[in-house]
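J.: 3D model of this:
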Amino acid sequence: MEEAFGTVLIVVCLLAVVAAAISFRGSGKIYRGLGRSGIFSMDEPEQRPTPKPNSPATDAEAREEIRQMLEAKSARREARGQAPLDIEAELASLTAPAAPRDAALREEVRQLVVARNERRQRQGKPPLDVEEEIERQLRELGV
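T.: Residues are numbered from 1 along each chain as shown. Next comes the predicted model:
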């Protein structure tokens, strides 16, 4: 019985090698054709040229993508039974140029953040990142 095991093992291994060789030979055409068809090919450049940064075409494309995301967000809100978003108002607020910030207000917020950090350190808590906290506070104020 033990002599038959060795023979069976060798026969199975030989059959596996033959099957692998046949499979490898038959699949050569498939692997050579990968990436050569379809929309984008690895050997050819992209079909559509991308617009230059900060050009009107880039800005228009960005506005359209923002609009699509807002429409999807509004659709999700409606599906949950909430009021839909005013897409145009949201788009205007998201794409509006940043207003210059008042330096005096920024300094006042900085002083508040520094004082808060001192209190946090006395309480044994880690301090906040001052610049990041200033930006967060100004965003909350809508400035």
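
J.: quick check: D129 vs R119, distance?
T.: Distance of D129 to R119, computed by Cβ to Cβ, to the nearest Å: 16 Å. Every C-beta, even on glycine, is put in place using the N, C-alpha and C of the backbone.

J.: also G26?
T.: For G26 relative to R119 (Cβ to Cβ), the value is 74 Å.

J.: and A19, by the same measure?
T.: The spacing between A19 and R119, counted by Cβ to Cβ, is 74 Å.

J.: next, the distance between the ends of stretch 115-135.
T.: Length of stretch 115-135, first residue to last, Cα to Cα, to the nearest Å: 16 Å.

J.: what mean pLDDT does that stretch have?
T.: Mean pLDDT, stretch 115-135: 92.

J.: quick check: buried residues in that stretch?
T.: N117, E133, I134 (16 or more other Cβ atoms under 10 Å).

J.: just read off the phi/psi values of the closest residue to the first one other than its chain neighbours.
T.: Just to be clear, that refers to N117. In this structure, N117 finds its nearest non-sequential neighbour in P127, 4.3 Å apart by Cβ to Cβ, 6 or more residues apart in numbering. Phi and psi for P127, reported as degrees, to the nearest 10, are phi -70, psi 150.

J.: hang on, P127 packs against Q121?
T.: Yes: when contacts are counted by Cβ atoms under 8 Å, P127 is listed as touching Q121 (5.8 Å).

J.: in which helix or strand would I find L94?
T.: helix 87-95 (DSSP states H and E).

J.: and the contacts of that helix?
T.: Applying Cβ atoms under 8 Å, 6 or more residues apart in numbering, the contact partners of helix 87-95 are A62, R63, I66, R67, L70, E71, S74.

J.: TSV for those residues, including neighbour count and distance to E2?
T.: Compiled in TSV, the contacts of helix 87-95 are given as follows (neighbours: other Cβ atoms under 10 Å; distance: Cβ to Cβ, whole Å):
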residue	neighbour count	distance to E2
A62	12	74
R63	13	77
I66	15	74
R67	16	75
L70	18	74
E71	14	73
S74	17	74
